[in-house]
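Trainee: Only the shape, not the letters, is given here:
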């Protein structure tokens, strides 16, 4: 069972993602803004982070920038309604492990999570404790 942070200012989106992820047997934590996301990312033991870009207090881009290169930070999957290719490229350059457009298709989310969690033979990232 993985611990996954859902950082999105929309309670609807958090609820929707929480239900899907829980059905896969994972535990979720939630952040309603970027400040809460930063706090959880740096203080909780997480296996993955789902991050919206447009949030109050601290934007998703700033969260990515702040967490970039920090040791022990879980892989970040950006989940956004922004479909621009330059936004995708910027997120990946800032260290995002994946980029998924809203509305989220469960199969895309599951593939991205499997990749970062190294589930079912997916390569994912190397565990820093290995």
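Mentor: Looks like it arrived, so ask away. Everything numeric in this text was worked out from a predicted model, so none of it was measured. Residues are numbered from 1 along each chain as shown.
Trainee: rest of the way, CA atoms for contacts and neighbours
Mentor: Noted.
Trainee: Which positions in the helix or strand hosting residue 21 come out as buried?
Mentor: Using DSSP states H and E, residue 21 sits within helix 11-23. In terms of neighbour count (16 or more other C-alpha atoms under 10 Å), helix 11-23 has its buried residues at 13, 14, 17, 18, 21.
Trainee: who's in contact with the very next helix or strand once past it?
Mentor: Next helix or strand after helix 11-23 toward the C-terminus (DSSP H and E): strand 27-31. Around strand 27-31, the neighbours that count as contacts under C-alpha atoms under 8 Å, 6 or more residues apart in numbering are 1-9, 14, 18, 21-22, 37, 40.
Trainee: Quick check: which ranges of this structure have low pLDDT?
Mentor: Counting by pLDDT under 70, the ranges of the chain that qualify are 119-130.
Trainee: Can you give me the end-to-end span of stretch 51-60?
Mentor: 6 Å (C-alpha to C-alpha, to the nearest Å).
Trainee: now that stretch, how far from the centre of its chain.
Mentor: How far stretch 51-60 lies from its chain's middle: 12 Å, per C-alpha atoms, centre = their mean, to the nearest Å.
Trainee: helix/strand/coil for the residue nearest the centre of the chain?
Mentor: Among the residues of the chain, the one closest to the centroid is residue 50, at 2.0 Å (C-alpha atoms, centre = their mean). When classified by DSSP: H, G, I helix; E, B strand; the rest coil, residue 50 comes out as strand.
Trainee: is it in a bridge, and if so with what?
Mentor: residue 6, residue 77 (DSSP bridges).
Trainee: Pull the most distant pair out of the contacts of strand 27-31.
Mentor: Farthest-apart pair in the contacts of strand 27-31 is 1 and 9; separation 24.8 Å (C-alpha to C-alpha).
Trainee: okay, the two: which has more neighbours?
Mentor: Per other C-alpha atoms under 10 Å, whichever of residue 1 and residue 9 has more neighbours is residue 9, with 19 against 10.
Trainee: For the more buried one, grab phi and psi.
Mentor: Per-residue torsions, residue 9: phi -80, psi -10 (degrees, to the nearest 10).
Trainee: Contact partners for it?
Mentor: Residue 9 sits next to 31, 32, 33, 52, 54, 55, 56 when contact means C-alpha under 8 Å, 6+ apart.
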